[in-house]
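Colleague: pasting the sequence and the predicted coordinates here, then a few questions.
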Amino acid sequence: MKDFRLYAITAEQFHPGRNLIRVMEEAIQGGADIIQLRDKTSSRAEVLQKAIALRELTRRYGVTFIVNDYIDIALEADADGIHLGQGDISLSEARRLAPGKMIGISTHAIEEALLAEAQGADYIGVGPVFPTQTKTDVVAPVTVGYVREVADRVRIPFVAIGGIKLSNVDEVIAAGADRICAVSEIVGADDVAGVCRAFLAKLERKGQTG
Ligand code: 3NM
């Protein structure tokens, strides 16, 4: 798996009137190094069309491309990987259907994180760290305490997610997160690239101070 630090996820409701591909290109130009297509409202045909366009964009920049939920679309668009929720098909079933693809899974408790690791996930999502309006079906915030526990006990890569803003990311990083995902803070920004650069500067500062 190609490692990553700043994970950006599509959420078109936060940039009405702005083109999806253009917004994600700005995120990449700001340093986002993994892009996920997450679209729970469009038709399958529309999701496929967006996946093909994002595949072309991410390939041009050498950035990892993940599709949420749709394994068939991930395969058809030749994405690098798929992202699963706890209610989706199992990791082993996903592996069988999509051999060779990177597989990530959202986790909301340490038991889920350890299970995902034992079952061979390539990475896990850890969240929602803070309250979020972006994902409506999530459990209560897991808090930075869960980030710290995962940092201590899980050896596979993890990405902290949920309500993460430039204003609160420092405490997430201090809790042990080396990889961050922010959705509304990135795609809803006036200066998408600038917000990405600011997140990366904070992550890099941590790297320098140990
Ligand atoms: N997954 P924002 S929270 C897509 O906890 C997603 O698994 C989550 O959006 C999880 O950065 C979330 O706008 C939404 O709060 C994060």
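Modeller: On my side now, so go ahead.
Colleague: was I right about Val159 contacting Arg179?
Modeller: Yes: counting by Cβ atoms under 8 Å, Val159 touches Arg179, with 4.1 Å between them. Just so you know, the C-beta spots here come from the backbone N, C-alpha and C atoms, and that holds for glycine as well.
Colleague: now do the shared contacts for these two.
Modeller: Residues touching both Val159 and Arg179 (Cβ atoms under 8 Å, 6 or more residues apart in numbering) are 4, 7, 123.
Colleague: which strand residues bridge the last one?
Modeller: Partner residues in beta bridges with Tyr123: Gly104, with DSSP bridges as the criterion.
Colleague: and it, how far from the ligand?
Modeller: Noted for Tyr123: a distance of 12 Å to the ligand, by Cβ to the nearest ligand atom, to the nearest Å.
Colleague: next: Ala79.
Modeller: Distance from Ala79 to the ligand, by Cβ to the nearest ligand atom: 17 Å.
Colleague: also Gly87?
Modeller: According to Cβ to the nearest ligand atom, Gly87 stands 12 Å off from the ligand.
Colleague: which residues of this protein lie near the ligand?
Modeller: Contact residues (Cβ under 6 Å from any ligand atom) of the chain with the ligand: 9, 106, 125, 127-128, 132, 134-135, 138, 161-164, 182-185.
Colleague: now the helix or strand of the chain with the lowest mean pLDDT: buried residues?
Modeller: In the chain, the helix or strand scored least confidently by mean pLDDT, DSSP states H and E is helix 192-209, which has a mean of 91. By neighbour count on 16 or more other Cβ atoms under 10 Å, the buried set for helix 192-209 is 192-193, 195-200, 203.
Colleague: with stretch 115-126 instead?
Modeller: 115-117, 121-126.
Colleague: before we move on, the earlier item: so of the residues of the chain next to the ligand, which ones are in strands?
Modeller: In strands, defined here by DSSP state E, the members of the residues of the chain next to the ligand are 9, 106, 125, 161.
Colleague: farthest pair in those residues?
Modeller: The distance between the two most remote of these (Cβ to Cβ) is 11.3 Å, for Ile9 and Ser106.
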